[in-house]
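In: got a structure for you, letters missing:
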């Protein structure tokens, strides 16, 4: 599929580098563009994307796929729009050198090249159960970058971040009103039957603002009840004719999200009954709601895994899910993806990623799962101080006393033992002990998970684990970089699958920038010691007019 020859074959009388002076050519060869051309460009797997095109010669892409992928990475690294990238390739010799198009009479990108390629990727995902070619390319390029940098490492750190949807979070009344309006508009467009009188409440004044504008608090609930009644009547009247349309599906989802069955029919749910997975906007049905750190978020959650070594850091995996996806689920996915025999030595996380089950699973695979904190009300290592004997039963308490009887409940995974009540009453650990006084004895009961967390609490107090916590803190810079430099909260698309494509390219671009800085630093001599800082400036997002 490639239309690009090797570099020796590229040179022609029309090559734009022929016009460069010796000094200019030396600067070009010492810039990031040379490293991109030598490492990134040849590592792009064009064959992976052949499934997006027909095997017929007439349908082959006008632009080489490796040029398209490379352009997408440069676009993100430099913070450009599609049009700015097209213009940049026309006039920026570094871009042309990086993408090996200096010998082209006309640069191969047009104003629709990048958007059409993204559309093909999205349609392929829809037709193939979400199969993400960009993520496959991410893993392939990351391996190539790691080899070039010598940055293979078994130490990883993980963090997640909220990614905002570009949709506007709507009030319940606005959402109900717009879902009904959209259904009526579809009926009008299709030339359906005569509309009922209630249609005029929704299809007139379409340019007006929010339906809640200037409504008092006591007016909102009656309006919502009225909208629910209208929605139910409309859905019942058109179900046979419009059941297969997107507008009808959204109308029914709105009804299901906003109301519930009662003896007298469907009634509105209380605000507290609205689920985080409910539809937040008609324009982004995949976006969910989550409150984190006291702030409400509408959109998605991005999990990032970074591999670290003395030769540099690279993001080695990422996952974008609805923001109701928990850190525990991300952690479980990360561990399940690793084979029993793997090179990972350490995964440093925060407490939200750790559970007794995952700590055990990591240990089984020979991985240290080091959490900076523990959730679940873990106060100390008290449960770990009980001595456990054969049969998994308690044989001695932290104060050194033996129980009257002891057993382990396999079904509930709980340790249970009875101790002399007189002894327990005077025990210095009485205020902390998970015991409960009965008539003649004190019952001690705690779960296996509580003991695992208590054992882990002991480890956290060591210098080794404090070092793991400090190591893990470094990953918190990734969300900041993605927000400030890659505008991840302002992607001009909506929907989970499209967002995954855009996020994938941004993460690859972030890795590419990290690799280029490292390689330029390694390969630069004293005369070009400023190249590293120059690259940092080059890869900062800015307007096309400010491009280096």
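Out: It's in. None of the values given here were measured: they were computed from a predicted structure.
In: go ahead and confirm residue 483 touches residue 477.
Out: No. Using C-beta atoms under 8 Å, residue 483 makes no contact with residue 477, being 10.8 Å away. From N, CA and C alone the C-beta is placed, and that goes for glycine too.
In: who has more neighbours out of the two?
Out: residue 483 (15 against 12; other C-beta atoms under 10 Å).
In: after the helix or strand harbouring the more buried one, which helix or strand is next?
Out: Here residue 483 sits within helix 477-484, counting by DSSP states H and E. Remark: after helix 477-484, the chain's next helix or strand is helix 496-523, criterion DSSP H and E.
In: now that next one: mean pLDDT?
Out: Across helix 496-523, the average pLDDT comes to 93.
In: that one - contacts with which helices or strands?
Out: Helices and strands touching helix 496-523, by 3 or more C-beta pairs under 8 Å, 6 or more residues apart in numbering; DSSP states H and E, are helix 32-35, helix 65-77, helix 113-127, helix 133-149, strand 295-309, strand 312-322, helix 477-484, helix 531-538.
In: looking at those, which one is packed in the most?
Out: Among the helices and strands packed on helix 496-523, helix 65-77 has the highest mean neighbour count (mean count of other C-beta atoms under 10 Å), at a mean of 24.
In: and the next element down the chain from that helix?
Out: Next along from helix 65-77, by DSSP H and E: helix 82-91.
In: chain center to that next one, what's the gap?
Out: 29 Å (C-alpha atoms, centre = their mean, to the nearest Å).
In: got the angle for that helix vs helix 113-127?
Out: 130 degrees (axes from the mean of the first three to the mean of the last three C-alpha atoms, to 10 degrees).
In: of the helices and strands packed on helix 496-523, which approaches residue 107 most closely?
Out: Of all these, it is helix 65-77 that lies closest to residue 107, at 9.0 Å by C-beta to C-beta.
In: so how far is residue 253 from residue 399?
Out: 58 Å (C-beta to C-beta, to the nearest Å).
In: equivalent analysis for residue 320, please.
Out: For residue 320, the distance to residue 253 - C-beta to C-beta - is 22 Å.
In: repeat for residue 490
Out: 27 Å.
In: again, but for residue 475
Out: On the measure of C-beta to C-beta, residue 475 and residue 253 end up 36 Å apart.
In: now swap in residue 245 and tell me
Out: With C-beta to C-beta as the criterion, residue 245 and residue 253 are 13 Å apart.
In: now swap in residue 163 and tell me
Out: In terms of C-beta to C-beta, residue 163 sits 22 Å off from residue 253.
In: between those two, which one's more packed in?
Out: residue 163 (23 against 15).
In: if we can go back for a sec, which strands or helices does the helix holding residue 483 pack on?
Out: Partner elements for helix 477-484 (3+ C-beta pairs under 8 Å, 6+ apart): strand 155-164, strand 295-309, helix 496-523.
In: could you give the mean pLDDT of the first one?
Out: Here the mean pLDDT over strand 155-164 is 93, rounded to a whole number.
In: same check, this time on stretch 348-363
Out: The model assigns stretch 348-363 a mean pLDDT of 82.
In: could you do stretch 244-259 as well?
Out: The model assigns stretch 244-259 a mean pLDDT of 95.
In: could you do stretch 412-421 as well?
Out: Stretch 412-421 comes out at a mean pLDDT of 89.
In: domains of the protein: list them as residue ranges, please.
Out: Listed domain ranges for the chain are 7-152+498-546, 172-279, 392-447 (source: automatic domain parsing).
In: for those domains, which one sits closest to residue 367?
Out: domain 7-152+498-546 (16.2 Å).
In: now the closest one: how far from the chain's centre is it?
Out: That offset, for domain 7-152+498-546, works out to 23 Å (C-alpha atoms, centre = their mean).
In: returning to what we had before: turn the helices and strands packed on helix 496-523 into a markdown table, including mean pLDDT.
Out: Below are the helices and strands packed on helix 496-523 laid out as a markdown table (pLDDT from 0 to 100):
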| stretch | mean pLDDT |
| --- | --- |
| helix 32-35 | 95 |
| helix 65-77 | 96 |
| helix 113-127 | 96 |
| helix 133-149 | 96 |
| strand 295-309 | 93 |
| strand 312-322 | 95 |
| helix 477-484 | 94 |
| helix 531-538 | 45 |
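In: just the pLDDT at residue 487, thanks.
Out: On the pLDDT scale, residue 487 gets 95.
In: ok, it to residue 75 distance?
Out: 12 Å.
In: again with residue 522
Out: The value you get for residue 522 to residue 75, if C-beta to C-beta is used, is 26 Å.
In: could you do residue 152 as well?
Out: For residue 152, the distance to residue 75 - C-beta to C-beta - is 29 Å.
In: not counting sequence-adjacent ones, nearest residue to residue 362?
Out: residue 369 (3.6 Å; C-beta to C-beta, 6 or more residues apart in numbering).
In: in contact with that neighbour, which residues?
Out: 331, 335, 347, 349, 353-354, 358-359, 362-363 (C-beta atoms under 8 Å, 6 or more residues apart in numbering).
In: switch the cut-off to 7 Å
Out: 347, 349, 354, 358-359, 362 (C-beta atoms under 7 Å, 6 or more residues apart in numbering).
In: which of the helices or strands spans it?
Out: Going by DSSP H and E, residue 369 is part of strand 368-371.
In: so what strands line up beside that strand?
Out: The strands beside strand 368-371 in its sheet (DSSP bridges) come out as strand 346-349 (parallel).
In: just how off-centre is the partner strand within its chain?
Out: For strand 346-349, the distance to the chain centre is 18 Å (C-alpha atoms, centre = their mean).
In: what does that strand contact?
Out: 154-158, 331, 334, 362, 367-371, 468, 471-472.
In: buried ones among the residues you listed?
Out: 155-158, 331, 334, 362, 367-371, 468, 471-472 (16 or more other C-beta atoms under 10 Å).
In: nearest to residue 179 among the residues you listed?
Out: Checking these one by one against residue 179 (C-beta to C-beta), the nearest turns out to be residue 331, at 36.4 Å.
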